[in-house]
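S.K.: here are the coordinates; sequence isn't available:
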Ligand SMILES: Cc1cc2nc3c(=O)[nH]c(=O)nc-3n(C[C@H](O)[C@H](O)[C@H](O)COP(=O)(O)OP(=O)(O)OC[C@H]3O[C@@H](n4cnc5c(N)ncnc54)[C@H](O)[C@@H]3O)c2cc1C
């Protein structure tokens, strides 16, 4: 059997290794338009590659009803076992799972070397421009020459961070083949805010509880570190809020409510403030917040007593203007409609064609959920081939 895979990102790379190990007699060819294989993988997890999450729950994805049965069949311990069977050792930070090296480049190189060792053929700097399904074979046309395969797996990724290879250009090829796409939007990005008074806070980080409201409805709540920017707000908790806000529509009038001291109740915070003010009235806030954030809180407080300051600290309200674009996005919301594939991620339209990874309309939260989907989708196709 000859199998072609378009895209050397983690989904294509994992699949190529699984297939070649199980079917050593098969030819497995991976096309990559860039000169560097798996370019995006090098940048993951801030250079550390957060490759899985121990708490792989379906609610962390845009389509829990789709992910539920997949995660029941292939739960976290199964995925860890798969990686360990490839000689991949792991380390943990809470639920976040990393390669033991904690190095995304080292992990990407390990997968590449493993693929080469088992006999995967890589054709880099070669863009697949189209394909033709003919009887039981598929011709992949490239900007160099045409190759014929028994099966073709499309793993061309989404549109996020296009300088790392995935620019969504293969969407257009698939649209010509009649595939439906769900509108794509940048996911896991910072948010821009309408509030001009955040400018002096650029660079300030703080632990917080963040809630997002659409009118009176709370649509998101999570704890995490926020990072103020010139024109907005960032941090993992904000990335997750952004995806939660924009996954299902383009809502306007979203309000963020930030509690800077979520570990204390309002009364506890107020009592601490009153106590500390009595001790050191001129500088007691220095033990709570960095100076720009103190000024921000005081400017937003109705008074300088503990009640007003505690209210401000636990209820910073920001009005969301928009999200950042694909250049700043870690995952694509939307993509190839899940109605186009069966439970094996095999095309319902074209025999012998499979679609995996971020190309599909699957996006997860920050924390290893998207690389987990790369692995899961590769396993699903591998099991059916
Ligand atoms: C900065 C950053 C950090 C991230 N960190 C994490 C993290 O720590 N944990 C996590 O879970 N997720 C993370 N992600 C998300 C994760 O990297 C992606 O979801 C994942 O890489 C998707 O894998 P994929 O194989 O589907 O697609 P991609 O990795 O996008 O790979 C697709 C490949 O296909 C190639 N290609 C496209 N079209 C063609 C064509 N026509 N011919 C030939 N080749 C083609 C592209 O060049 C690309 O190399 C991060 C993303 C970014 C941008």
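M.R.: Perfect, I can see it now. What you see is a predicted model; the values in this text were computed from it and never measured.
S.K.: could you point out which element follows the top strand by length along the chain?
M.R.: Taking DSSP state E as the assignment, the strand of the chain that covers the most residues is strand 217-228. Next along the chain after strand 217-228, taking DSSP states H and E as the criterion, comes strand 232-234.
S.K.: The helix or strand just after that following strand - contacts with which helices or strands?
M.R.: Downstream of strand 232-234, the first helix or strand assigned by DSSP H and E is helix 236-246. Judged by 3 or more CB pairs under 8 Å, 6 or more residues apart in numbering; DSSP states H and E, helix 236-246 is in contact with strand 181-187, strand 191-193, strand 205-214, strand 217-228, strand 316-323, strand 331-336. For the C-beta atoms, the positions are set from N, CA and C on the backbone; glycine is no exception.
S.K.: at 7 Å instead, please
M.R.: Counting by 3 or more CB pairs under 7 Å, 6 or more residues apart in numbering; DSSP states H and E, the packing neighbours recorded for helix 236-246 are strand 181-187, strand 205-214, strand 217-228.
S.K.: Give the buried residues for it.
M.R.: By 16 or more other CB atoms under 10 Å, the buried positions in helix 236-246 come out as 236, 237, 238, 239, 240, 241, 242, 243, 244, 245, 246.
S.K.: check contacts around the second one.
M.R.: The reference is to residue 237. Neighbouring residues of residue 237 by CB atoms under 7 Å, 6 or more residues apart in numbering: 210, 222, 223, 224, 225, 226.
S.K.: The stretch 151-300 of the chain against the ligand: which residues are in contact?
M.R.: Contacts of the stretch 151-300 of the chain with the ligand, taken as CB under 6 Å from any ligand atom, map to 155, 156, 157, 160, 161, 164, 165, 166, 169, 170.
S.K.: If we use 5 Å, what do you get?
M.R.: Proximity of the stretch 151-300 of the chain to the ligand (CB under 5 Å from any ligand atom) is limited to residues 156, 157, 161, 165, 166, 170.
S.K.: Give the helix, strand or coil label for the closest residue to the first one other than its chain neighbours.
M.R.: It refers to residue 156. Nearest residue to residue 156, sequence neighbours excluded (CB to CB, 6 or more residues apart in numbering): residue 170, at 3.8 Å. Recorded secondary structure, residue 170: helix (DSSP: H, G, I helix; E, B strand; the rest coil).
S.K.: Please apply the same query to residue 29.
M.R.: Per three-state DSSP, residue 29 ends up strand.
S.K.: Contacts only, for the residue in the stretch 151-300 of the chain positioned nearest to the ligand.
M.R.: As assessed by CB to the nearest ligand atom, the ligand sits closest to residue 157 within the stretch 151-300 of the chain, at 2.4 Å. Residues near residue 157 by CB under 7 Å, 6+ apart: 7, 9, 165, 166, 357, 358, 359.
S.K.: same thing but 10 Å
M.R.: Contact analysis of residue 157 by CB atoms under 10 Å, 6 or more residues apart in numbering lists 6-12, 40, 164-168, 170, 331-332, 335, 356-359, 374.
S.K.: one step back: next, format the helices and strands packed on helix 236-246 as TSV and append mean neighbour count.
M.R.: Output for the helices and strands packed on helix 236-246, formatted as TSV (neighbours: other CB atoms under 10 Å):
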stretch	mean neighbour count
strand 181-187	20
strand 205-214	18
strand 217-228	16
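S.K.: Run through the stretch 151-300 of the chain and note the low-pLDDT ranges.
M.R.: Judged against pLDDT under 70, the stretch 151-300 of the chain has no low-scoring part.
S.K.: give me that answer again for 80
M.R.: Within the stretch 151-300 of the chain, the segments meeting pLDDT under 80 span 248.
S.K.: still on that earlier bit, now distance to residue 313 too, for the helices and strands packed on helix 236-246, in TSV please.
M.R.: What follows is the helices and strands packed on helix 236-246, written out as TSV (distance: least, CB to CB, whole Å):
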stretch	distance to residue 313
strand 181-187	30
strand 205-214	10
strand 217-228	13
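S.K.: hey, where'd the strands end up in the stretch 51-200 of the chain?
M.R.: Assigned strands in the stretch 51-200 of the chain, in chain order: 52-53, 90-93, 96-99, 121-123, 128-134, 137-142, 146-149, 151-154, 181-187, 191-193 (criterion: DSSP state E, counting those that start in this stretch).
S.K.: Can you report the mean pLDDT over the residues of the shortest one?
M.R.: When pLDDT is averaged over strand 52-53, the result is 98.
S.K.: by contact count, what packs against that strand?
M.R.: helix 76-85, strand 90-93, strand 96-99, helix 369-384 (3 or more CB pairs under 10 Å, 6 or more residues apart in numbering; DSSP states H and E).
S.K.: pLDDT of the first one, averaged?
M.R.: When pLDDT is averaged over helix 76-85, the result is 98.
S.K.: Tabulate the helices and strands packed on strand 52-53 (a markdown table), appending distance to the ligand and mean neighbour count.
M.R.: Formatted as a markdown table, those follow (distance: least, CB to the nearest ligand atom, whole Å; neighbours: other CB atoms under 10 Å):
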| stretch | distance to the ligand | mean neighbour count |
| --- | --- | --- |
| helix 76-85 | 12 | 14 |
| strand 90-93 | 12 | 12 |
| strand 96-99 | 8 | 22 |
| helix 369-384 | 3 | 23 |
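S.K.: wait, what's in contact with the closest residue to residue 7 other than its chain neighbours?
M.R.: Among residues not flanking residue 7 along the chain, residue 155 sits closest, at 3.8 Å (CB to CB, 6+ apart). The contact partners of residue 155, taken as CB under 10 Å, 6+ apart, are 5-16, 30-31, 166, 170, 354-360, 374, 377-378, 381.
S.K.: Quick check: the gap between residue 155 and residue 180.
M.R.: Residue 155 sits 19 Å away from residue 180, going by CB to CB, to the nearest Å.
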